[in-house]
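[1] following is a predicted model, sequence given first.
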Amino acid sequence: MAGADGLARMIREAGRLVPGRSDTQARAGLRVVQDLIAAGAHFTQRTRHRRAGDLARTFQPRHYLAHEFMNTHWAPCFGMDVAAALSDAKLEWIATSTLTDNFPEIEC
């Protein structure tokens, strides 16, 4: 989600303005972001979700959307921080889970 941190924040902040349960808030926040994407808002051009429909398909079902975006205490977790936290257990980072990041010669 590295390129979409601003997108996640926008969903959370817009959703918090709507009263009700977190799944209702998440859907409202998603609608705001979808409208911004559809309008060509500048910040949306840098995310991997450039089309409004992609967001709706990516973040289904709605309870997942609430879990993913409506958690006030969520913060990005960077690889180096995870590696440091797991070092006492003698675990090390070896590769990204994105295949093309590990093997750039593979084209999708």
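    Right, received. Where do you want to start?

[2] use CA for all of it now, contacts and neighbours both
    Will do.

[3] neighbours of the spatially closest residue to residue 100 that is not a sequence neighbour, how many?
    On the basis of Cα to Cα, 6 or more residues apart in numbering, the spatially nearest residue to residue 100 that is not a chain neighbour turns out to be residue 106, at 6.0 Å. A count of nearby residues for residue 106, using other Cα atoms under 10 Å, gives 9.

[4] same deal with residue 72?
    10.

[5] correct me, but the residue nearest to residue 100 touches residue 98?
    No: when contacts are counted by Cα atoms under 8 Å, residue 106 is not listed as touching residue 98 (11.3 Å).

[6] kindly export the lengthiest helix in the chain (C-alpha atoms) in CSV.
    Ranked by residue count, the top helix of the chain under DSSP state H comes out as helix 22-38. Presented in CSV, the C-alpha positions along helix 22-38 are these (Å, rounded to 0.1, in the frame of the first residue of the first chain):
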residue,chain,number,x,y,z
SER,A,22,-17.5,1.8,10.6
ASP,A,23,-18.6,-0.1,7.5
THR,A,24,-21.0,2.7,6.7
GLN,A,25,-18.3,5.3,7.2
ALA,A,26,-15.8,3.3,5.1
ARG,A,27,-18.2,3.1,2.2
ALA,A,28,-18.9,6.9,2.5
GLY,A,29,-15.2,7.6,2.5
LEU,A,30,-14.6,5.3,-0.5
ARG,A,31,-17.4,7.1,-2.4
VAL,A,32,-15.6,10.5,-1.8
VAL,A,33,-12.3,9.1,-3.1
GLN,A,34,-14.0,7.5,-6.1
ASP,A,35,-15.6,10.9,-6.9
LEU,A,36,-12.1,12.5,-6.6
ILE,A,37,-10.6,9.9,-8.9
ALA,A,38,-13.4,10.3,-11.4
